[in-house]
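1. pasted the sequence and its predicted model underneath.
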Amino acid sequence: QFLLASGLETSDETISARRLYRTVTGGSAVVFPWGDLNGNVASSFADSLADASLSLVPAPDELGTAPGTQPGTRMTLIVEWKGFLWGVGDQDVDVLRRSASGMIYAWPAAGTYEIEPVKAEQYGITGLIRRRDELGICKRDIIWKLVGSNPDNFELIKVRDSKGRGCFAPDSVVVIDDVGYYLGADGVYTWGPNGVDSISDEKVRNWFTTTTYFNRSEFKNAFAKYNSKYHGYELHLAATGQTTANRWVFYDIARKTWWGPHLTDAFTPSFAGEIVDVDGLVIPVIGSTAGNIWQQNQSGFVDNADDIAVDLVTAFHSGNTPDIEKLWLNPSLLTKIEAAAGNMSIAVKLGGLNASSSVTLSPSLLNGREKLRILGHGRLLNLEITETTASQGCELYGYEIPYHELGRR
C-alpha cells in the first residue's frame, strides 16, 4: 500500500529538493532514507516502497533541530568553534547546544551542555567568547569554558577569577588577539591566558558604576566591535536618560588608555561590526536603525557636507594642590601641522569645579607648536578644545602649562 506524507513544509531558502526519512513498519527509533521531493513547492509525498527495499544504511544519528528553530522560539547566540556550531535559544536559556561536525542542519541530542547555575535567574547564558583553544560560556555572574577538540573529550571547566565578573551584554563580546573583551555589571573585562581582568577599574570605573555617563539599565543592549586601524575595542552604550546607543568609548589596546565618551550624532546606531571592501581590506562599520551602514576611519573628517567635530574636555588640573590658588602661565600646544589653519578654539575655565569659561584661545593648526597667552589665576584649570572645520584634520599631541602657586586664601 502507498504510504502518504502530507503537510510537508517548504523552505524559506532557495533549495532544489527535500529529503524524507521514515521508520520500518511498526515504528522504531531508527529512521532510513525514504525519498527525495524535488523542488520547493509540493507539500505531499506518496510511495509504496516496502521495508525490505529501504536503504540498509540508516539516517545519520546526529540529526536534530537547533535551539530556537521551533515555532515561537528563536536562537539568541551562535558561534563556530572547533568545526562545530554552538548555540543558545530563548527557551532553555541555561543550555548550550552544538551541531554535528561540519553539519549546520544537524544538532544531536547528545550535544547538550547545561551551564550551572541552572534556573537560578532569567538571563541564563549571556555571551559566547570564542578563543583558539577555549570556548567561554558567560553568565551574568560567572564564566565557564569548554576545552577539548571533539565530542569525546569536550569538558566544562569553571574559569578562575570569574565569580561576579560575568557578561551583561551578549553583543559586547569581541575577541582580539585571542583575548575576549566584554561588558560586565561594573565595567569592561578581558578573559585571556591570564584569566579574567578588569581594564576599566583603574581609570574609568565611574563610567560604568554611576549613572553620570550611561544608562546602566541598558547595559544588556550594548554592542562592540574591533577597530583594526587604531587597534582598539569600541563599546557603544546609551547615555543617561536615553535608550539608544548613541555614545561610544574606545580602549586603546597598545597604550592601555580609555577615550570618550564620544557622540554619534548623524544617526541612531543599531549594531557594530566589520566589512571587507573590494581590495580585501577590513573596515569597521556602524549600522543605523534606518537600515544604512556607515563606514568609519574615513580620511575626509566630513559626513557629506557636515563637519565631524573634535570636542575634547580635559580633567581639572590642580598641580596636586587643589586648594592652593595658582597663576597659570603661557600654555604650549603641540599639534600635527596641517595645510590649513582651521578654527580650533580652547575655552579656559579657572577657579573651582563650577567655574565658567573666562578665556577663549584660537590657536592655528599651521605651526605644530604654539605658545599662547597667560591664562590667569585660579585653584583649578580646565580646558575644552574644539575644532569644527569640515574636512579639516586635527591631531593634538599634547600641551604644557607652567604655573606658580600663590597661596591659600
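-> All right, it came through fine.
2. relative to residue 204, how far out is residue 214?
-> 11 Å (CB to CB, to the nearest Å). Every C-beta, even on glycine, is put in place using the N, C-alpha and C of the backbone.
3. could you list every residue that touches the residue nearest to residue 22 when sequence neighbours are not counted?
-> Sequence neighbours aside, residue 34 is the residue nearest to residue 22 in space, at 4.4 Å (criterion: CB to CB, 6 or more residues apart in numbering). Residues counted as contacts of residue 34 (CB atoms under 8 Å, 6 or more residues apart in numbering) are 20-22, 47, 49, 54.
4. which one of the residues you listed sits closest to residue 200?
-> residue 21 (52.6 Å; CB to CB).
5. what is the neighbour count of that closest one?
-> 16 (other CB atoms under 10 Å).
6. OK, contacts around it?
-> Taking CB under 8 Å, 6+ apart as the test, what residue 21 contacts is 31-34, 59, 63.
7. quick check, it in a strand?
-> Yes. Applying DSSP: H, G, I helix; E, B strand; the rest coil, one finds residue 21 inside a strand.
8. please tell me how far the closest residue to it other than its chain neighbours sits from residue 20.
-> Leaving aside its sequence neighbours, residue 21 sits nearest to residue 31 (CB to CB, 6+ apart; 4.1 Å). Residue 31 sits 9 Å away from residue 20, going by CB to CB.
9. of those two, which one has the most company?
-> Neighbour tally, residue 31 and residue 20, criterion other CB under 10 Å: the higher count belongs to residue 31, 17 against 14.
10. hmm, residue 19 and the more buried one touching each other?
-> No. Here residue 31 does not reach residue 19: they are 11.0 Å apart, not a contact under CB atoms under 8 Å.
11. dihedrals phi and psi, residue 220?
-> Main-chain dihedrals, residue 220, degrees, to the nearest 10: phi -60, psi -20.
12. what does the one 4 residues further on give?
-> Reported as degrees, to the nearest 10, the phi and psi values for residue 224 are phi -140, psi 170.
13. contacts only, for it.
-> 169, 171-174, 181-183, 233-236, 272.
14. same check, this time on residue 375
-> 328-331, 348, 350, 359, 381, 401.
15. which residue is the nearest non-sequential neighbour of it?
-> Closest to residue 375 by CB to CB, 6+ apart is residue 328, at 4.1 Å.
16. the one you found reaches residue 379, doesn't it?
-> No. Contact criterion CB under 8 Å: residue 328 and residue 379 do not qualify, at 10.4 Å.
17. just say helix, strand or coil for residue 266.
-> With three-state DSSP as the basis, residue 266 sits in coil.
18. pretty sure residue 217 sits in a helix.
-> Yes. Assessed by three-state DSSP, residue 217 belongs to a helix.
19. how far away is it from residue 242?
-> Separation of residue 217 from residue 242 (CB to CB) stands at 11 Å.
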